[in-house]
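> output the structure for:
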Amino acid sequence: MARLPSRAASLFALAAFLLSAASAAAGNAHILIDAKTAKVISAENAGAPNGPASLTKMMTLYLTFEALRSGRIGWNDPVPVSRRATRAVPYKLNVREGDAVTVREAVLGMIVLSANDAAIAIGEKLGGSEERFAELMTAKARRLGMRNTTFRNASGLTAPGQVTTARDMAVLGLALMKNFPREFRLFSTRSFQFRGKTLEGHNYLMDEYPGVDGIKTGYTSASGYNVVTSVSKGGRRIVGVVMGGSTAKSRDRTMAALLDGVLLGAAAGRRTVPAVPVTPGLY
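As a prediction, the model looks like this:
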């Protein structure tokens, strides 16, 4: 009889975990924001929780850019690659344990290839451990006005409690654009040379939709296919987010249709929501 409370507690914990996982599947969430005014143009399920997947690397890069600006690290500084980093699932740079990459290689690896080993290595370098770095990521998210985001790692690989929303990812995209305009241009990089190999990106909207200049795609089986997109066209700058797509192609088609609706003047009747809340002075 003494085992019953323990078993019941275990079942309760499992049910709570499954409920939490189910609630973090946004599916068909999107938001479009005018980058000049931070006004929301269109939104659906923009506050619904979802796993960020590799959109997480946008915050890893944000903190990296901060460290570069402050002089804490330099572009050519070595970033040691730990056993934990080498054990990350692809995509990755496939660097051996004990080797190192430069900060520049890690940044381009995250942007172009969405390299998980590069993200973990940067997190360990800047935070001392990936867990501590995730705490710094979450703290920065709160300061930027990302009210419903919690990070658990630097890569975006599925982890209990790691959650965001389309709205929060749009806030982060705007912050990167406005706080780091020079570094933001790196998000348009389509490929780069790494140790004798050409590594190609997979943000195909940059090739398929005129005016798109980044910024980040993401996928896990738990989150679906996500993308944050920046487009400059016809004198307008828009940041868009689509989350929970069933395939990469359907996600990209959804983003293209949403952008068409705004940039080609077909957005009449599309529901708008209040402006994204932004903490003054942060970007």
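
> quick check: which element contains Ser42?
Assigned by DSSP states H and E, Ser42 belongs to strand 40-44.

> that strand: how far from the chain's middle?
Centroid separation for strand 40-44 versus its chain: 19 Å, with C-alpha atoms, centre = their mean, to the nearest Å.

> tell me the contacts of the most centrally placed residue in the chain?
Centroid-nearest residue in the chain: Leu55, 1.4 Å away (criterion: C-alpha atoms, centre = their mean). Leu55 sits next to 156, 164, 169, 172, 216-218, 226, 228 when contact means C-beta atoms under 8 Å, 6 or more residues apart in numbering. (Glycine included, C-beta is placed from N, CA and C.)

> low-confidence ranges, the stretch 101-250 of the chain, go.
For the stretch 101-250 of the chain, applying pLDDT under 70 flags no range at all.

> all strands for it, in order.
191-194, 197-200, 212-220, 224-233, 236-245 (DSSP state E, counting those that start in this stretch).

> could the ones you listed be laid out in JSON lines, adding mean neighbour count and distance to Glu44?
Below are those laid out as JSON lines (neighbours: other C-beta atoms under 10 Å; distance: least, C-beta to C-beta, whole Å):
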{"stretch": "strand 191-194", "mean neighbour count": "15", "distance to Glu44": "33"}
{"stretch": "strand 197-200", "mean neighbour count": "11", "distance to Glu44": "32"}
{"stretch": "strand 212-220", "mean neighbour count": "23", "distance to Glu44": "19"}
{"stretch": "strand 224-233", "mean neighbour count": "24", "distance to Glu44": "14"}
{"stretch": "strand 236-245", "mean neighbour count": "24", "distance to Glu44": "10"}
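
> can you list those strands in JSON lines and add distance to Ile73?
Converted to JSON lines, those look like this (distance: least, C-beta to C-beta, whole Å):
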{"stretch": "strand 191-194", "distance to Ile73": "19"}
{"stretch": "strand 197-200", "distance to Ile73": "22"}
{"stretch": "strand 212-220", "distance to Ile73": "21"}
{"stretch": "strand 224-233", "distance to Ile73": "25"}
{"stretch": "strand 236-245", "distance to Ile73": "27"}
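
> nearest to Phe180, out of these?
Set against Phe180 and scored by C-beta to C-beta, these come closest in strand 212-220, at 11.3 Å.

> chain center to the closest one, what's the gap?
So, by C-alpha atoms, centre = their mean, the centroid of strand 212-220 is 8 Å from its chain's centroid.

> just the helices in this protein please.
3-23, 56-70, 83-86, 103-108, 116-127, 130-144, 166-179, 181-184, 205-208, 248-263 (DSSP state H).

> ok, and which of those has the densest surroundings?
Greatest average neighbour count among the helices of the chain goes to helix 116-127 (a mean of 26), per mean count of other C-beta atoms under 10 Å.

> run through the neighbouring helices and strands of that one.
Helix 116-127 sits against helix 56-70, strand 78-80, helix 83-86, helix 103-108, helix 130-144, with contacts defined as 3 or more C-beta pairs under 8 Å, 6 or more residues apart in numbering; DSSP states H and E.

> can I get these in a markdown table including distance to Ser191?
A markdown table is the format used below for those (distance: least, C-beta to C-beta, whole Å):
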| stretch | distance to Ser191 |
| --- | --- |
| helix 56-70 | 17 |
| strand 78-80 | 21 |
| helix 83-86 | 22 |
| helix 103-108 | 9 |
| helix 130-144 | 27 |
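
> so which of those gets nearest Gly265?
Of all these, helix 56-70 sits nearest to Gly265, with 29.9 Å by C-beta to C-beta.

> dump the closest one to CSV, keeping only the CA atoms.
Output in CSV follows, covering the C-alpha atoms of helix 56-70 (Å, rounded to 0.1, in the frame of the first residue of the first chain):
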residue,chain,number,x,y,z
THR,A,56,16.2,30.2,-29.8
LYS,A,57,19.5,30.9,-31.5
MET,A,58,18.4,34.4,-32.2
MET,A,59,18.7,35.1,-28.5
THR,A,60,22.0,33.2,-28.3
LEU,A,61,23.2,35.5,-31.1
TYR,A,62,21.8,38.6,-29.4
LEU,A,63,23.9,37.9,-26.3
THR,A,64,26.9,37.1,-28.5
PHE,A,65,26.5,40.5,-30.3
GLU,A,66,26.3,42.2,-26.9
ALA,A,67,29.5,40.5,-25.7
LEU,A,68,31.3,41.5,-29.0
ARG,A,69,30.1,45.2,-28.6
SER,A,70,31.3,45.4,-25.0
